[in-house]
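**Student:** Give the three-dimensional model of this entry:
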Amino acid sequence: MPLDPDQRNRLLAAKARALVADASNADASELRVTPFPGGALVRAATAAWCLLDDGAVRSFGAAMVLADREGIATLHVMAESVETSSIVARRAEQFRNAPTVWRIEGRSLVPVAPAPVPVPVEPSAAARELIGMLTAAGVDVTVEHGEIRGELRGLEIARVVESTEGTRLEVGVGRHDREAFTMVHGNLPTAKALESVISSVDAVRRADAEAHPLRRLAPEGWLRWRLLQDPHLIGAQQLRPVEPPTPRDSVKDVGASIAVGLDLAGQSLVVACSVGIDLDIVPTAADARVLNNPDARVVIVVPERDDHPATRRLAERLIGPAEVIGLSGEWRDRETAL
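**Tutor:** Numbers count the residues shown, from 1 in each chain. Okay, the predicted model is just below:
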């Protein structure tokens, strides 16, 4: 049986305390541990040590915010996973006074080399042949980590799926919805199925629509869609969507939506869109710059109500130009303004 969140947090806290006690020669009973989702922070003398749960790359931002809140200048980050620790090390390099990242081997800590920039995964020719059906239906086409998706106002409503049975276009909001739609409407031609889903989603995913679950899903994708329609909202002349640094497993996953383009002066931009208080938005945006254009200016865009001082403080620590923009008004509307 998987551990419940409270049990997991207690386990992480105990493990973090033991690791830090060994690494700093401190008395484990005197170490103060602060658990948080996906990790645990331990303060030892003038430094803080953060243990990230396996796979919890997105908890790195929370660790940096916690250390900043407690006035700790020296931060160490620990993780067992080779993948997690190396990605975090790549992100840490983008900050002044960068955290030191360690991988856990038994009860020892070893330095971590930053993960290399991954080679983009290109969809197969068979998958690309289905793009025409998406564009003909009027949906936006995005490619994330080799997968072709159809989106409506930033929400995935279709995906090209490749399997041993062939390549096909599945429609629905997320994997479970696609599977359910196929079971119920399996005999419906794909174009008609896509038309049906578009009609259903379009009716509720609008700025003036009443509350609906599909209106709340993937808000960061919706915000990016708004900027793609009106790049001048953030002083850009053109923008296009690109994949986030790490794959999203579900339409319910929270994470920045990324775009790249040019500002009005012709300078390259990497834009990270977020809705709500996302403590990892700054490390994610920095990583997106590494993956797309290391010389670009980072622009983090949030609704004005989510323009948190912690985000701005962390953005100020980035190496290279970075800016946080809070959009006033209803950001889903055409009338959104700076």
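**Student:** so who does the closest residue to Pro5 other than its chain neighbours touch?
**Tutor:** Residue nearest to Pro5 in three dimensions, not counting chain neighbours: Pro37, with 7.8 Å by CB to CB, 6 or more residues apart in numbering. C-beta: built from backbone N, CA, C; applies to glycine. By CB atoms under 8 Å, 6 or more residues apart in numbering, Pro37 lies in contact with Pro5, Ser59, Ala62.
**Student:** Give me the buried subset of those.
**Tutor:** For the contacts of Pro37, a burial check counting by 16 or more other CB atoms under 10 Å picks out Ser59, Ala62.
**Student:** Out of the contacts of Pro37, which is nearest to Ala125?
**Tutor:** Nearest to Ala125 among these is Ser59, at 38.4 Å by CB to CB.
**Student:** Next, count neighbours for the closest residue to Arg128 other than its chain neighbours.
**Tutor:** Ranked by CB to CB, 6+ apart and with sequence neighbours excluded, the top spatial neighbour of Arg128 is Ile148, at 7.2 Å. Neighbour count for Ile148, taken as other CB atoms under 10 Å: 22.
**Student:** likewise Ala113?
**Tutor:** With other CB under 10 Å as criterion, Ala113 counts 11.
**Student:** Would you confirm that it contacts Ser86?
**Tutor:** Yes. Assessed by CB atoms under 8 Å, Ala113 is found in contact with Ser86 at 6.5 Å.
**Student:** Please identify which helix or strand holds Ile325.
**Tutor:** Using DSSP states H and E, Ile325 sits within strand 322-327.
**Student:** Could you give me the buried positions within that strand?
**Tutor:** Ala322, Glu323, Val324, Ile325, Gly326, Leu327.
**Student:** got it, and stretch 110-123?
**Tutor:** Neighbour-count burial for stretch 110-123 [16+ other CB under 10 Å]: Val112, Pro114, Ala115, Pro123.
**Student:** One more: stretch 142-160?
**Tutor:** 142-144, 147-160.
**Student:** Narrow the residues you listed to those in helices?
**Tutor:** Of the buried residues of stretch 142-160, none are assigned to helices by DSSP state H.
**Student:** May I have the distance across stretch 197-214, first residue to last?
**Tutor:** Start-to-end span of stretch 197-214 (CA to CA, to the nearest Å) is 12 Å.
**Student:** how is the chain carved up into domains?
**Tutor:** 5-111, 125-214, 218-327 (automatic domain parsing).
**Student:** returning to that earlier point: counting by contacts, list what the strand holding Ile325 packs against.
**Tutor:** helix 281-292, strand 297-303, helix 309-316 (3 or more CB pairs under 8 Å, 6 or more residues apart in numbering; DSSP states H and E).
**Student:** Could you identify which of these is most buried?
**Tutor:** With neighbours defined as mean count of other CB atoms under 10 Å, these peak in mean count at helix 281-292, which reaches a mean of 25.
**Student:** And that helix, how far out from the chain middle?
**Tutor:** For helix 281-292, the separation from the chain centroid amounts to 9 Å (computed by CA atoms, centre = their mean, to the nearest Å).
**Student:** just the angle between that helix and helix 309-316, please?
**Tutor:** For helix 281-292 against helix 309-316, the angle between stretch directions is 30 degrees (axes from the mean of the first three to the mean of the last three CA atoms, to 10 degrees).
**Student:** Let me know the distance separating Thr34 from Thr100.
**Tutor:** Thr34 is 19 Å from Thr100, where distance means CB to CB, to the nearest Å.
**Student:** can you give me the strands in the stretch 101-250 of the chain?
**Tutor:** With DSSP state E, counting those that start in this stretch as the criterion, the stretch 101-250 of the chain has strands at 108-111, 140-144, 147-152, 155-163, 166-171, 236-242.
**Student:** per-residue confidence averaged over the second one?
**Tutor:** Confidence for strand 140-144, expressed as mean pLDDT, is 95.
**Student:** What of the fourth one?
**Tutor:** For strand 155-163, the mean pLDDT works out to 91.
**Student:** by contact count, what packs against it?
**Tutor:** helix 125-128, strand 147-152, strand 166-171, helix 175-185, helix 190-204, helix 219-229.
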